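Q: Sharing a model that was predicted from the sequence below.
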Amino acid sequence: LAEAWLRSPRVASLGGIKDSRGRSHPVLGEGLDRRSAPEVRLDVLGVLAAAPESIAPDEESVAARLAWLRPRRQGPAYDELVSSALHEAARLGLTGRGAPAPHTRALVEELDAEDTPLAERDKTSAGELLAAEMPEPLETILVQGDLTAVAPGPLVPQLARELALAADVESTGGATVYRFTESSIRRALDAGRGADDLIALLERRSSTELPQPLRYLVNDVARRHGRLRIGTASSYLRCDEPTVLDELAGDRRAADLNLFRLAPTVIASRTTRPVLMNRLAELGYHPVAESADGTVQLSGTAVRRAKPVSAALAGRGLEEPTAPNAEL
């Protein structure tokens, strides 16, 4: 994180601060890039690292030292970058109460020795110094009878992932408290974990005996999990003769209909009803449609009728002949 910050031209701490024109820029918006920011940050860290270990230079002392080192770079913009670099270094943990951390001094030495062959470097790396200050990841948790688990420190990655999947974080601080709920257990089951897998994991990772209420919760949710299954179907086929559906299910010509059996007398398809109707008619099965209540829906045949004689003659410009004995 510190190396990325040292390379980035973006000055995030200037986000939301109004400039001389009264405009404020969002952190992820435009107007926060400064080409000289990486160089100023290196100068600031160099001044802090050069100070004795018992001294915490304030911002005015750092600015005065940089004014002596870089007299031609002074100005309001440079002072703004110096202030931002000190503020961001504190937020990143490179300084504490104004004093540089041991891993910060090592980081500056590494940056100064980038041109030195690796075999000739005898200093401890900044990462090693920082790792020594961090607590060791834990492989165990404390499962309690109120359906909670306490992690007294950072967990190993695998345990942290599994616990975040099966429980919800209730509180954080020196220790993290996780709570097992019906929804969190269901989340783990949805991700492919089984009830036996969850119980075995908690038994293996818990420094105390697994409480009975948690076993009941896991087994109860697992018993109800997956009893109802949801799929996708756009149409269905129903026939009182299962042998007809057996024939259709085994017909290779109907493979494009994506048919799957729901019951001995019902087959569902992922195609729409008009497509299913036309395709089955092409295959010679002669289906008919039915409504939601099960009644058959037949499409009426269009009635073709000849035009009246008078209309046909009028279209030709003729008059209708008078029939003999019309009066009779």
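A: Received it, and whenever you're ready, just let me know what you need.
Q: Go ahead and confirm His87 touches Ser13.
A: Yes: His87 lies in contact with Ser13 (C-beta atoms under 8 Å); the separation is 5.0 Å. For the C-beta atoms, the positions are set from N, CA and C on the backbone; glycine is no exception.
Q: Return the residues in contact with Arg270.
A: Arg270 is in contact with 232-234, 257-258, counting by C-beta atoms under 8 Å, 6 or more residues apart in numbering.
Q: Same question for Gln297.
A: Gln297 makes contact with 288-291, according to C-beta under 8 Å, 6+ apart.
Q: pLDDT-wise, which helix or strand of the protein ranks last?
A: Scoring the helices and strands of the chain by mean pLDDT, DSSP states H and E places helix 309-316 at the bottom, with a mean of 54.
Q: Helices of the protein, start to end?
A: Applying DSSP state H to the chain gives helices spanning 2-7, 37-50, 59-69, 76-91, 102-112, 126-133, 157-166, 182-190, 195-205, 212-224, 242-249, 273-282, 309-316.
Q: Just the CA trace of the fourth one, in PDB.
A: I take that to be helix 76-91. What follows is helix 76-91, C-alpha atoms only, in PDB (Å, rounded to 0.1, in the frame of the first residue of the first chain):
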ATOM      1  CA  PRO A  76       1.800  27.500  -2.100                       C
ATOM      2  CA  ALA A  77       1.300  24.300  -4.300                       C
ATOM      3  CA  TYR A  78       4.500  22.700  -2.900                       C
ATOM      4  CA  ASP A  79       3.500  23.600   0.700                       C
ATOM      5  CA  GLU A  80       0.100  22.000   0.000                       C
ATOM      6  CA  LEU A  81       1.700  18.800  -1.200                       C
ATOM      7  CA  VAL A  82       4.000  18.600   1.800                       C
ATOM      8  CA  SER A  83       1.000  19.000   4.200                       C
ATOM      9  CA  SER A  84      -0.900  16.300   2.300                       C
ATOM     10  CA  ALA A  85       2.000  14.000   2.300                       C
ATOM     11  CA  LEU A  86       2.400  14.200   6.100                       C
ATOM     12  CA  HIS A  87      -1.400  13.700   6.600                       C
ATOM     13  CA  GLU A  88      -1.600  10.700   4.300                       C
ATOM     14  CA  ALA A  89       1.600   9.200   5.800                       C
ATOM     15  CA  ALA A  90      -0.100   9.300   9.200                       C
ATOM     16  CA  ARG A  91      -3.200   7.700   7.800                       C
END
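Q: Run through who's touching that helix.
A: Residues outside helix 76-91 that contact it (C-beta under 8 Å, 6+ apart) are 5, 11-14, 34, 36-37, 40-41, 44-45, 48, 59, 62-63, 66, 70, 95-96, 98, 104.
Q: and if we set it to 6 Å?
A: The contact list for helix 76-91 (C-beta atoms under 6 Å, 6 or more residues apart in numbering) reads 11, 13, 37, 40-41, 44, 59, 63, 95.
Q: any idea which of those has the most stuff around it?
A: Ranked by neighbour count (other C-beta atoms under 10 Å), the contacts of helix 76-91 have Val44 at the top, with 27 neighbours.
Q: which residues does the nearest residue to Pro154 once chain neighbours are set aside contact?
A: Distances taken as C-beta to C-beta, 6 or more residues apart in numbering place Pro137 nearest to Pro154, at 5.1 Å, with adjacent residues excluded. By C-beta under 6 Å, 6+ apart, Pro137 lies in contact with 154-156.
Q: do that again at 10 Å, thanks
A: Residues near Pro137 by C-beta atoms under 10 Å, 6 or more residues apart in numbering: 153-157, 159-160.
Q: So, low pLDDT: which residues of the stretch 201-328 of the chain?
A: Scanning the stretch 201-328 of the chain for pLDDT under 70 picks out 299-328.
Q: Would you mind confirming that Asp43 is in contact with Leu66?
A: Yes: using C-beta atoms under 10 Å, Asp43 makes contact with Leu66 at a distance of 5.8 Å.
Q: list residues touching both of these two?
A: With C-beta under 10 Å, 6+ apart as the test, Asp43 and Leu66 both reach 73, 78, 82.
Q: residues near the first one, how many?
A: Here the count is done by other C-beta under 10 Å, and Arg73 has 16 residues near it.
Q: Now do the contacts for it.
A: Per C-beta under 10 Å, 6+ apart, neighbours of Arg73: 36, 39-40, 43, 66-67, 81-82.
Q: Could you do Ala195 as well?
A: Neighbouring residues of Ala195 by C-beta under 10 Å, 6+ apart: 185, 188-189, 215, 218-223, 225.
Q: any chance of the contacts of helix 76-91 in TSV, plus pLDDT?
A: Listed next are the contacts of helix 76-91 as TSV, based on pLDDT from 0 to 100:
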residue	pLDDT
Val11	90
Ser13	87
Ala37	92
Val40	93
Arg41	93
Val44	93
Glu59	90
Ala63	92
Thr95	91
